[in-house]
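1. Take this sequence and fold it.
(chains A, B, C and D)
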2 protein chains.
Amino acid sequence: MAATIKDIAKKTGLGLATISSYINGGNVRETNRIKIEEAIEELHYEINEVARGLKTNSTKIIGVVIPELNNIFCTEIITSVEDILRNHGYATIVCDCRTDVELEKEAVDFLYRKRVDGIINMPVNAKGSHLRKFKKAGKPIVLIDRVIQELRCDSVVVDNRKAAHDAVKQFFDQGHKKIGIIAGPEDISTANERLAGYMEAWEEQGLEIPQSLIFRGDYTIESGVEGLETLVKENPDMTGVLLSNYEITMGAMIGINELGINIPDDLSVIGFDNLSFARACKPKLTVVTQPTEEIGMQVAHLILERLEHPVKTAGDKDKNNENNRDTKDENLIQDIKLQTKIVEGKSMKTIKE
Amino acid sequence: MAATIKDIAKKTGLGLATISSYINGGNVRETNRIKIEEAIEELHYEINEVARGLKTNSTKIIGVVIPELNNIFCTEIITSVEDILRNHGYATIVCDCRTDVELEKEAVDFLYRKRVDGIINMPVNAKGSHLRKFKKAGKPIVLIDRVIQELRCDSVVVDNRKAAHDAVKQFFDQGHKKIGIIAGPEDISTANERLAGYMEAWEEQGLEIPQSLIFRGDYTIESGVEGLETLVKENPDMTGVLLSNYEITMGAMIGINELGINIPDDLSVIGFDNLSFARACKPKLTVVTQPTEEIGMQVAHLILERLEHPVKTAGDKDKNNENNRDTKDENLIQDIKLQTKIVEGKSMKTIKE
DNA sequence: TATATCATCCGAAACGTTTCGGTTGTATTC
DNA sequence: GAATACAACCGAAACGTTTCGGATGATATA
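-> Model (predicted):
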């Protein structure tokens, strides 16, 4: 049906190899160049990337597996990643796995069968078995936002512990004593790190944390609503609360709205991410923001680097470095950690002694 | 490197065709089944979809081209589409074209070269030349949200005119007289339809619209901020405003916040989309909501239908129906139009006579 | 003019599947 | 036990590229 390189060869009277060479940037005689271009135009020839991929054993596609497409933190990063990869000739297949481990594995397997050249993953949890195929095949893997202990590979994360610590410290500095947190689920490392930062700030004050001030949500809007209502009910004396991701922040604002709580007079809050949302809240929210665009840039550059200088797999090593096996790889691994910052709003009250 | 069907054949002593048949659900003797499965396990065989795609001339991939990944309206729809397609054995490649016509064309061309089986597009503007290749190749196209006049193909849209009309009518019903709108850009059909609905409601009242009440934004947060500030400044007597998409709604809320305007006492508003955001606003916003999940479902089913019963291209027709050319196709085309609904909040004031 | 150099061109083989048409072997029927 | 039916099996060709090694022709050099 569609025109092939053979049709072009036939039409121009040239050989297959010549057409192929021309298409891939090779030189041909001027008269032939014209003939080829005319034939391409006339037959509506378009290169068949499937065939090319089979032959070259590289698809120029990077797989991206994220827990949720419908999540601004993810999409901001992906937008940034895509931009850079596209400018380097790579396309992306984005797979949303609905925060489901099964679907995540399916997505990774699917991408493997599609023979993508590398994979970028914001993992659902801290296990990494689903990525083993890629590791074994020597194809680059870059993790976003969450690291996987059992799988050594490049990653880009933010300093979650410090982010939460600094936010909670700000509460203490402003004279707050009862500071709550709506944390994320236990199987997500960022959630645990943020909770750890929260605890660390308490420890610095030499204070014991009342357990009732910690609510474990699951990074959803609903858990934000529920968390806020629970915390407020169980801690009538709570004066501040840290909302540990964007969905929880939004959920908490809904709860605050419905309960008729006044910010910052009744309660001070520090939210997370999405500056536009923070500005649209009344009063404007103080939030911790993550450098999503920067994350995307780092991720993209990391994987491009690996695509050009692949890490040797164990099988490739020659006799010389049989002893220091893997050490080279290990040394090459890059763990990039970026810093968050706090953008001041009007949701924080200063409590006088 | 990676194991192939040949390796399995060699290892099991069976023929190539047998392995292939087994992989595709064919029957083999029980003893052979075990041998094959063992070999697959041992050699870590994974089917090569690139090779399969070349041979079968079908990739089981649907391309999705949208103006912006970083847009909740888009991602909600895609999430829903993806879910259904995946359950029918199709994967998706999502391309964000940054609301740029050039990039949109590049994305479509890219997907064509990748030989995707069909394409779903939320077009940047009303021209459709970028999709011609797919039309010509007889591959299904489904448009979302915006129709393209010159290109007859399936589409799923919402009744934008009625959506805006009903919202504005509600303002009039509540006694408002000076009702503004922050509209979208002129080259996007939904923006024009919503503006038309706004005008229609005015006409029903037999009133002339002061031009100063109409602000043309571009569907971004920034234009929402700017639009609100402009409208308020130029129309001190404006009592209500319709915000014609989610970004504009958020932007307007930022503007309202910064100007210290009280809702609904100083100004009543009706926003668009994203119910969670509406609930998080203070007071809770009244919004027009679009059925994103339903849109996604319809889109997915439409393209699945077409994949199974492809429309005949002009070239395929035989002599018998040479006269009624294309009529069959035309009749088959489905334009699905869905309705929005208004979710009441507390951002609307009733004005007494 | 003869030789060397170099750009351009070429066909065949290969990538890993699916599929066609045909062969083998087992079970069923008479 | 022969004839029949049918499931299971098989190799070769094909899908549309890239690439290898070599052939051809034009130009520069002697």
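2. Please make it C-alpha for all contacts and neighbour counts, starting now.
-> Will do.
3. List phi and psi for whatever residue of the stretch 201-350 of chain A ends up closest to DNA strand D.
-> When scored by CA to the nearest atom of the strand, the stretch 201-350 of chain A has A:E308 as its residue closest to DNA strand D, at 15.1 Å. Dihedral pair for A:E308: phi -90, psi -30, per degrees, to the nearest 10.
4. number of nearby residues for it?
-> 8 (other CA atoms under 10 Å in any protein chain shown).
5. so what pLDDT did the residue in the stretch 151-300 of chain A that DNA strand C sits nearest to get?
-> When scored by CA to the nearest atom of the strand, the stretch 151-300 of chain A has A:C153 as its residue closest to DNA strand C, at 25.6 Å. Note on A:C153: pLDDT of 92.
6. Also A:E150?
-> pLDDT at A:E150 comes out at 87.
7. Quick check: chain neighbours aside, which residue is closest to it?
-> A:G128 (6.7 Å; CA to CA, 6 or more residues apart in numbering or on different chains).
8. Now do the contacts for that neighbour.
-> Neighbouring residues of A:G128 by CA atoms under 8 Å, 6 or more residues apart in numbering or on different chains: A:I148, A:E150, A:L151.
9. quick check, nearest of these to A:G25?
-> Distance to A:G25, by CA to CA, is smallest for A:L151 among the contacts of A:G128, at 39.5 Å.
10. how about the residue nearest to the spatial centre of chain A, phi and psi?
-> The centroid of chain A falls nearest to A:I144 when counting by CA atoms, centre = their mean (4.1 Å). Main-chain dihedrals, A:I144, degrees, to the nearest 10: phi -120, psi 140.
11. show me the residues around the spatially closest residue to it that is not a sequence neighbour that make contact.
-> Of all residues not flanking A:I144 in the chain, A:M122 sits nearest, at 4.7 Å (CA to CA, 6+ apart). The contact partners of A:M122, by CA under 8 Å, 6+ apart, come to A:V65, A:I66, A:P67, A:L143, A:I144, A:D145, A:R146.
12. and if we set it to 6 Å?
-> A:I66, A:L143, A:I144 (CA atoms under 6 Å, 6 or more residues apart in numbering or on different chains).
13. Ok, A:I120 next?
-> Contacts of A:I120 by CA under 6 Å, 6+ apart are A:V64, A:I141, A:V142, A:L143.
14. now the helices: where do they sit in the stretch 101-250 of chain A?
-> A:101-113, A:132-137, A:160-173, A:189-204, A:221-234, A:246-259 (DSSP state H, counting those that start in this stretch).
15. May I see the buried residues of the longest one?
-> When you say that, I think you mean helix A:189-204. Going by neighbour count (16 or more other CA atoms under 10 Å in any protein chain shown), the buried part of helix A:189-204 is A:189-202.
16. same thing with the fifth one?
-> For helix A:221-234, burial by neighbour count (16+ other CA under 10 Å) applies to A:I221, A:E222, A:S223, A:G224, A:V225, A:E226, A:G227, A:L228, A:E229, A:T230, A:L231, A:V232.
17. Same question for the last one.
-> By neighbour count, and taking 16+ other CA under 10 Å as the criterion, the buried residues in helix A:246-259 are A:246-258.
18. Is it possible to get JSON lines of these that adds distance to A:A167?
-> Compiled in JSON lines, the buried residues of helix A:246-259 are given as follows (distance: CA to CA, whole Å):
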{"residue": "A:Y246", "distance to A:A167": "15"}
{"residue": "A:E247", "distance to A:A167": "18"}
{"residue": "A:I248", "distance to A:A167": "16"}
{"residue": "A:T249", "distance to A:A167": "14"}
{"residue": "A:M250", "distance to A:A167": "18"}
{"residue": "A:G251", "distance to A:A167": "19"}
{"residue": "A:A252", "distance to A:A167": "17"}
{"residue": "A:M253", "distance to A:A167": "18"}
{"residue": "A:I254", "distance to A:A167": "21"}
{"residue": "A:G255", "distance to A:A167": "21"}
{"residue": "A:I256", "distance to A:A167": "20"}
{"residue": "A:N257", "distance to A:A167": "22"}
{"residue": "A:E258", "distance to A:A167": "25"}
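19. And those, which is closest to B:I8?
-> Nearest member of the buried residues of helix A:246-259 to B:I8, counting by CA to CA, is A:E247, at 48.4 Å.
20. For the closest one, which residues are in contact?
-> Here A:E247 is in contact with A:Y219, A:T220, A:I221 (CA under 6 Å, 6+ apart).
21. now the helices of the stretch 101-250 of chain A as a markdown table including mean pLDDT?
-> Converted to a markdown table, those look like this (pLDDT from 0 to 100):
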| stretch | mean pLDDT |
| --- | --- |
| helix A:101-113 | 95 |
| helix A:132-137 | 93 |
| helix A:160-173 | 98 |
| helix A:189-204 | 97 |
| helix A:221-234 | 98 |
| helix A:246-259 | 98 |
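22. before we move on, the earlier item: for the contacts of A:I120, which single residue is the most surrounded?
-> If you rank the contacts of A:I120 by neighbour count (other CA under 10 Å), A:I141 sits at the top with 27 neighbours.
23. so what's it closest to, chain neighbours aside?
-> Using CA to CA, 6+ apart and skipping the chain neighbours, the partner closest in space to A:I141 is A:I119 (4.9 Å).
24. First-to-last residue distance for stretch A:123-139?
-> 17 Å (CA to CA, to the nearest Å).
25. Buried residues, it. List them.
-> A:P123, A:V124, A:N125, A:G128, A:H130, A:L131, A:F134, A:K135, A:G138, A:K139.
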